[in-house]
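mind looking at a prediction? Sequence and model below.
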Amino acid sequence: MIFNSQSAITDPAREAAWAEWYFEHLRIMATVPGVFSAQRFLTTHPRHPRSLAMYGVANADVFKGEYYLSVRGMGEWLPLIDRRWYRRNLFDGLAVAPVVNEKQVLLVANRDEPDVTLAGGVFTWLKVAGIDCSTPYRGLAVVAQSEIPELPQDVACYVPASLRYVNINEKLVN
């Protein structure tokens, strides 16, 4: 399963400090039992949240665990979260979050139904499985920065903003 947490903050002057906090938050999240990986992405796309964190998780029960509940959330940043963009969704359709390196981008599309024709069919379609359920389907595609296809305006292009943290205590399922 894939867990996405999307957000932005209301004070652009605090972006650098927020990024520093996020690095540590991702590292900690990658120690949660049932979390396989954690990575953060950024976009300048005006119709999408600036920040997207993507986690590979074993199942929805991860979010009920005592340790997860003790480390989750935005902490001191909660008052600065821009509520227009704050969305948390759990998706079914991939067992492991895709790897996105520094020469690649993550394309994100939200749809009512999977659109297998979008960008020549490069998207993997995930069905919402829980939490906010803000979109019925999310399409994800990883492409080289030099090969970004022509996209409709409602498709966001996210660049990696962190390393991909991996939980060394969890076995990734391919």
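That came through fine.

which strand or helix spans Phe3?
In this assignment (DSSP states H and E), Phe3 forms part of strand 2-7.

now that strand: mean pLDDT?
On average, the pLDDT along strand 2-7 is 97.

and after it, which helix or strand comes next?
The helix or strand immediately downstream of strand 2-7 is helix 15-29, counting by DSSP H and E.

helices of this structure, start to end?
15-29, 66-71 (DSSP state H).

mind putting these in JSON lines, mean neighbour count included?
Any C-beta I mention is one placed from the backbone N, CA and C, and that applies to glycine too. Below are the helices of the chain laid out as JSON lines (neighbours: other CB atoms under 10 Å):
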{"stretch": "helix 15-29", "mean neighbour count": "16"}
{"stretch": "helix 66-71", "mean neighbour count": "12"}
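
mind checking which of those helices is nearest Ala141?
Go through the helices of the chain one by one with CB to CB and the one that ends up closest to Ala141 is helix 15-29, at 21.8 Å.

next, the angle from the closest one to strand 2-7.
With axes from the mean of the first three to the mean of the last three CA atoms, to 10 degrees as the basis, helix 15-29 and strand 2-7 are set at 160 degrees to each other.

strands of the protein, start to end?
For the chain, strands defined by DSSP state E occupy the ranges 2-7, 35-42, 51-57, 87-92, 104-111, 124-131, 137-144, 156-160, 165-166.

and those strands: which comes nearest Pro98?
Nearest of those (CB to CB): strand 137-144, 4.9 Å.

for the record, mean pLDDT for the closest one?
98.

who touches that strand?
Strand 137-144 is contacted from outside by 2, 4, 89, 91, 94, 98-100, 103-115, 118-119, 122-128, 149, using CB atoms under 8 Å, 6 or more residues apart in numbering.

now the nearest residue to Met74 once chain neighbours are set aside: how far from Arg88?
Of all residues not flanking Met74 in the chain, Ile81 sits nearest, at 5.8 Å (CB to CB, 6 or more residues apart in numbering). As for Ile81, its distance to Arg88 is 11 Å (criterion: CB to CB, to the nearest Å).

and the residue nearest the centre of this structure?
Met54 (2.7 Å; CA atoms, centre = their mean).

with that, I have no additional questions.
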